[in-house]
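Colleague: need a structure here:
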Amino acid sequence: MKVRVLLVVVMVSAAVSTVVGQDDRFTPKLETLTLPEGFSIEVYTADVPNARQMSLSPNGTLFVSSRRAGNIYAVLDRDGDQSADRVFTIDSDLNMPNGVAFRDGALYVAEVNRVLRYDEIESNLATPPEPIVVNDSFPTERAHGWKFIAFGPEGRLYVPVGAPCNVCDNEESDPRFASILSMQPDGSDIQVYARGIRNSVGFAWHPETQELWFTNNGRDQLGDSQPSDTLNHAPESGLHFGFPFCHQGNIQDPDFTARSCDEFRPPAQKLGPHVASLGMRFYTGDMFPSMYHHQIFIAEHGSWNRTPEAGHTGYRLTVATLNGSRVTGYEVFAEGWLDASNEAWGRPVDVQVMPDGALLVSDDQVGAIYRIFYSG
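Modeller: Got it, this is the predicted structure:
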């Protein structure tokens, strides 16, 4: 059962950073959102312009990227009341810094062509150190050049490189394109983990099997209803997921026919055409009902190029239900960022499970982070 959710809290942050780049037309309208019965949503902070990927340190510091604004933020809840009360700007004027990851006291940030590291960052939030360049050898193309990064269970940093186009074949000229790479934390030993991935801006490892799952954005200009974005399962390295030859597992690309769809690993779940599936996490908290335990929450940023007649898709949170390595269900969890007139007031980007079991959702259009919680 879906219920309308009222705005529970609107928090005014005592922010160190100056809020810039936000459009006053886009403000949180949480009363328009619907979630399953027993769930509520509130504003965790409204002071993170163009909020994108999130990464939580063991000490509770939430690091947030801002791809369009070019900034990196640290968000703190100092009094433990489950709403942020301080926002620090860690760095600014970066080149589309979408990816953030935290490990061993250091913050890692991915720009288009390089990965930076900020050592002992939590002790220096007010006066951040100059970043150390971990690796600056990634392609410089800005099309699909923004990156989601995360550390895998073996300690390697995973860095995707999107295709520099709508659809093209770069496997011979530069096999790093349309792939997910991994490297050592010091930037060495770069390896291709998976290929044939047009643009992944979200991935995570199953808490029990430690196997990689990721979202992927399908190509454009094949119509309003195809191809679908996908949720994919990569239990081992070396798998190829079809791009540019095959889309959604069963659509042969009209311009790239040298290889057929049956040569590639099919998606675990089709997510719908043009929904722009981005950040995803396995739910590992104890707050939500048990049916959500170790299931995948996905932020769907929303379509931008469907015809007016077809209407937009996405602009919601979904849940993929797993039974072992098989997806057995896929349904909407939260929606309402897109109104009845087909206009969107917000765009979900990433999700983050908090220590108390609540789920944070970043919104780059509003410049806010929401907190979803369950009270039964």
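Colleague: need the strands for the stretch 1-150 of the chain, in chain order.
Modeller: 2-4, 34-36, 39-45, 51-56, 62-66, 71-76, 86-91, 99-103, 106-110, 115-118, 132-135, 150-151 (DSSP state E, counting those that start in this stretch).
Colleague: so which of those strands comes closest to Glu171?
Modeller: Judged by CB to CB, the one of the strands of the stretch 1-150 of the chain that comes nearest to Glu171 is strand 132-135, at 21.5 Å. No exception for glycine: its C-beta is placed from N, CA and C like everyone else's.
Colleague: the closest one: partners in the sheet, and parallel or antiparallel?
Modeller: The sheet places strand 132-135 alongside strand 115-118 (antiparallel), with pairing taken from DSSP bridges.
Colleague: next, the residue of the chain most remote from its centre: phi, psi?
Modeller: The C-alpha centroid of the chain is most remote from Ala258, which lies 31.9 Å away (CA atoms, centre = their mean). Phi and psi for Ala258, reported as degrees, to the nearest 10, are phi -70, psi -20.
Colleague: okay, it and Phe245: tell me how far apart.
Modeller: According to CB to CB, to the nearest Å, Ala258 and Phe245 sit 7 Å apart.
Colleague: quick one, the biggest strand by length in the chain and strand 39-45 angle?
Modeller: The longest strand of the chain (DSSP state E) is strand 326-335. Inter-element angle recorded for strand 326-335 and strand 39-45: 70 degrees (by axes from the mean of the first three to the mean of the last three CA atoms, to 10 degrees).
Colleague: ok now the next helix-or-strand element following strand 326-335, how far from the chain's centre?
Modeller: Per DSSP states H and E, the first helix or strand lying C-terminal to strand 326-335 is strand 348-353. Here the centre of strand 348-353 is set off from its chain's centre by 6 Å, with CA atoms, centre = their mean, to the nearest Å.
Colleague: what's strand 348-353 packed up against?
Modeller: Under the contact definition 3 or more CB pairs under 8 Å, 6 or more residues apart in numbering; DSSP states H and E, strand 348-353 sits against strand 51-56, strand 277-282, strand 296-300, strand 316-323, strand 359-363.
Colleague: can I get those in CSV including distance to Arg117 and mean neighbour count?
Modeller: Below are the helices and strands packed on strand 348-353 laid out as CSV (distance: least, CB to CB, whole Å; neighbours: other CB atoms under 10 Å):
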stretch, distance to Arg117, mean neighbour count
strand 51-56, 13, 25
strand 277-282, 22, 24
strand 296-300, 26, 27
strand 316-323, 31, 19
strand 359-363, 22, 26
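Colleague: as JSON lines, these with mean pLDDT would be great.
Modeller: Output for the helices and strands packed on strand 348-353, formatted as JSON lines (pLDDT from 0 to 100):
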{"stretch": "strand 51-56", "mean pLDDT": "98"}
{"stretch": "strand 277-282", "mean pLDDT": "98"}
{"stretch": "strand 296-300", "mean pLDDT": "98"}
{"stretch": "strand 316-323", "mean pLDDT": "98"}
{"stretch": "strand 359-363", "mean pLDDT": "98"}
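Colleague: okay, the ones you listed in JSON lines with distance to Glu208 next?
Modeller: Shown next, in JSON lines, are the helices and strands packed on strand 348-353 (distance: least, CB to CB, whole Å):
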{"stretch": "strand 51-56", "distance to Glu208": "20"}
{"stretch": "strand 277-282", "distance to Glu208": "9"}
{"stretch": "strand 296-300", "distance to Glu208": "13"}
{"stretch": "strand 316-323", "distance to Glu208": "10"}
{"stretch": "strand 359-363", "distance to Glu208": "20"}
